[in-house]
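> Build me a structure from this.
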Amino acid sequence: MLDEVDLKKYINALLSKSEEAYLMSIEIINKPTINYRTEGFCFFICNAWELLLKAFIINKAKDINAINYKDDSNRTIGLDECVEKIFTSTTDKVKNNISFIRNIRNKSTHLILPEFDFMLAPAFQRCLTNYNKFFKKHFPDYSLNEKITPFIALVNPGNNQDSSSLVLNPANLLLLDKLQEELDSDENLTQTIKLVSTKKESEADIKYTIVKDGGEKAKIINVPKDVNITHPYKTREIINRISETVELTLGPNHGFTSNKFYDICKRKNIKENQEYCYQVKYYNTNINMYSDIAIEYISEVYISEYKNK
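Predicted structure coming up:
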């Protein structure tokens, strides 16, 4: 049993190694010229999580042996066991995200993954954000390196990559299904950026100068609307909302189904009208997001056709 001072040193050593793996994962995922960056990111972020969770378990138990197997004190538990010890709920979003990343790490030796880099970015970003929040919440006295921001540069690979393996490999298609579940299971990621003026040049990240003759006058541009606000509904969600709306008028036996939804969308060109539908593109996959106006319009179309049939 270590005394309190030695125990703290051991925990700090775990945190230091965890932080290093965390920073490595950020560095490698933000290098678009590296073909192995998906696999590299998953390896390092899983290692970062495992070390961080072990530090958490030891700190909570105040016992270095808390991470050892009961029947074998010479072996420590792995990432899966750490996750199960800390995140006990099967619906925990942090737990599910870690499991998703771990599955990619485990399968990376069997799959060809470069095609997934761009599509996996939201799940990777969520993993980094979760790690950052967990670290700061449970180890506020440890100075986590803030010089490297935990964000992923979303670089669209364009049409230069050969996606034939993505289409033909059943294991890859299964991974795509899991990816869609991961994207559907969580709220949208947001990041707040604050601009603060300072007179000390050494403290500034961005420098600007006010001059009398600024050259070309400023132009007024249209600011894009937040699609997460204007079009918040995925396909399953809008079908449920329309069904609820239709039921208020036609009763429980209204007959509205997903097939009816797709039929109206096709006939009324819903997906071609951005007032109703906005397509979020992840590499070669489109995710349709729908607005409240779409709910009203499709409900009206269906109710009218139902009454006139």
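> Which residues are in contact with the closest residue to Lys260 other than its chain neighbours?
Nearest residue to Lys260, sequence neighbours excluded (C-beta to C-beta, 6 or more residues apart in numbering): Tyr302, at 6.4 Å. All C-beta atoms are positioned from the backbone trio N, CA, C, and that covers glycine. Applying C-beta atoms under 8 Å, 6 or more residues apart in numbering, one finds that Tyr302 lies in contact with 242, 246, 256, 260, 264.
> With the flanking residues excluded, which residue is spatially nearest to Lys62?
That would be Leu7: by C-beta to C-beta, 6+ apart, it lies 6.7 Å from Lys62.
> Okay, strands next: where are they in the stretch 1-150 of the chain?
Secondary structure of the stretch 1-150 of the chain, counting by DSSP state E, counting those that start in this stretch: strands at 68-69, 72-76.
> sorry, back to before: please tell me how far the residue nearest to Lys260 sits from Ile45.
According to C-beta to C-beta, to the nearest Å, Tyr302 and Ile45 sit 46 Å apart.
> which of the strands of the stretch 1-150 of the chain is buried the deepest?
Of all those, strand 68-69 has the most neighbours on average by mean count of other C-beta atoms under 10 Å, namely a mean of 14.
> The residue nearest to Lys62 touches Ile64, doesn't it?
Yes: Leu7 is within contact range of Ile64, at 6.5 Å (criterion: C-beta atoms under 8 Å).
> Which neighbours do these two have in common?
Ile58.
> any idea which of the strands of the stretch 1-150 of the chain scores lowest on pLDDT?
Of all the strands of the stretch 1-150 of the chain, mean pLDDT reaches its minimum on strand 72-76 (a mean of 85).
> in its sheet, what does that strand sit against?
As defined by DSSP bridges, the strand partners of strand 72-76 come to strand 68-69 (antiparallel).
> Other residues contacting the strand it pairs with?
Under the contact criterion C-beta under 8 Å, 6+ apart, strand 68-69 has outside partners 74-77.
> Output those residues as TSV; include the columns distance to Lys93.
Below are these laid out as TSV (distance: C-beta to C-beta, whole Å):
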residue	distance to Lys93
Asn74	34
Arg75	30
Thr76	26
Ile77	22
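> Fine by me, thanks again.
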